[in-house]
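Enquirer: sequence? don't have it. structure:
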């Protein structure tokens, strides 16, 4: 007759079976008992019926209890009869008990080891390759959402963090401004120039005010900001030199000099001629005295020649 569970007989010609020692068990017809320890549990302690823990469960004690323990959230076990569960690796998670594996974090999310949930990356950050942590976009690059890769912000645009990491926007410079690098604030087009379009990369992209026109302030965003310099005055650059275009000032010709076109230098009005402003600045013309008249200086009205 077979020995019943919890008993054994290892010798021939015996008339009875021996009971398994404490902490051991056997099945029907066993010739020996087996340890019932880590990774196992008693189904029937009285009869020493011991089974292996299933997948997703563990049992760490040397003397088996009456049941196995489910792997907690953040852990798993894919094999039977184990004394411990395994940790979910960084970049993966498990929110349920009694599981045989872990789940990779979704795009835009990351986790450390033993995670029960993945956390979404902050704006301006994206997960690393293994999704084990979030990395801030380096300076000059940006991401509007964690599921979007960090993209280069081109010249003519600036990020919201400039030289710092973690930018979430890349915005074109406004009209009248430019930027050679996205980590540098947009600068104003210089006085004497303007820009009516967004996204300029260089100062040279700004447009000079036209011939005989000027603008005093930097950052002009329309050609309408360029003011016509009237005859009698000349357009000058920031160094004070007369220029034909791109001026920053309109300077009247001094008394005795004139300019009929503001993009040309003031010219001396010589003796025998007079300016239209005489002793005042801003003359636009130089006119010869009529027959029978004379003038020693262009700032003095022509006088009649004396009788005789």
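Expert: That came through fine. Quantities reported herein were computed from a predicted structural model and do not represent experimental measurements. Numbering: from 1, shown residues only.

Enquirer: okay, CA-based contacts and neighbour counts for the rest of this
Expert: Fine.

Enquirer: Quick one: residues in contact with stretch 216-224.
Expert: The set of residues external to stretch 216-224 that reach it, using CA atoms under 8 Å, 6 or more residues apart in numbering, is 175-177, 187-197, 209, 247-249.

Enquirer: starting at the chain centroid, how far to that stretch?
Expert: Between the mean C-alpha point of stretch 216-224 and the mean C-alpha point of its chain there is a distance of 30 Å (CA atoms, centre = their mean, to the nearest Å).

Enquirer: Check stretch 52-71 too.
Expert: Averaged C-alpha coordinates place stretch 52-71 at 50 Å from its chain's average position (CA atoms, centre = their mean).

Enquirer: And it, end to end?
Expert: 15 Å (CA to CA, to the nearest Å).

Enquirer: Could you pull out the buried residues of it?
Expert: By 16 or more other CA atoms under 10 Å, the buried positions in stretch 52-71 come out as 52-60, 63-65, 67-71.

Enquirer: Of those, which belong to strands?
Expert: 52, 57-58, 69-70 (DSSP state E).

Enquirer: Select, from these, the two members most distant in space.
Expert: Pairwise distances across these peak at 13.4 Å for 52 and 70 (criterion: CA to CA).

Enquirer: List the buried residues of stretch 269-287.
Expert: Neighbour-count burial for stretch 269-287 [16+ other CA under 10 Å]: 269-279, 281-286.

Enquirer: One more: stretch 98-109?
Expert: Residues 98-105, 108-109 are the ones in stretch 98-109 that count as buried (16+ other CA under 10 Å).

Enquirer: Tabulate the residues you listed (a markdown table), appending distance to residue 91.
Expert: Formatted as a markdown table, the entries for the buried residues of stretch 98-109 read as follows, by distance: CA to CA, whole Å:
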| residue | distance to residue 91 |
| --- | --- |
| 98 | 20 |
| 99 | 17 |
| 100 | 17 |
| 101 | 13 |
| 102 | 10 |
| 103 | 9 |
| 104 | 6 |
| 105 | 6 |
| 108 | 11 |
| 109 | 8 |
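
Enquirer: one step back: among the buried residues of stretch 269-287, which lie within helices?
Expert: In helices, defined here by DSSP state H, there are no members of those.

Enquirer: Where does the prediction get shaky in the stretch 101-250 of the chain?
Expert: When the per-residue scores of the stretch 101-250 of the chain are filtered using pLDDT under 70, no range remains.

Enquirer: Please repeat the previous calculation with a cut-off of 90.
Expert: Residues of the stretch 101-250 of the chain meeting the criterion pLDDT under 90: 244-245.
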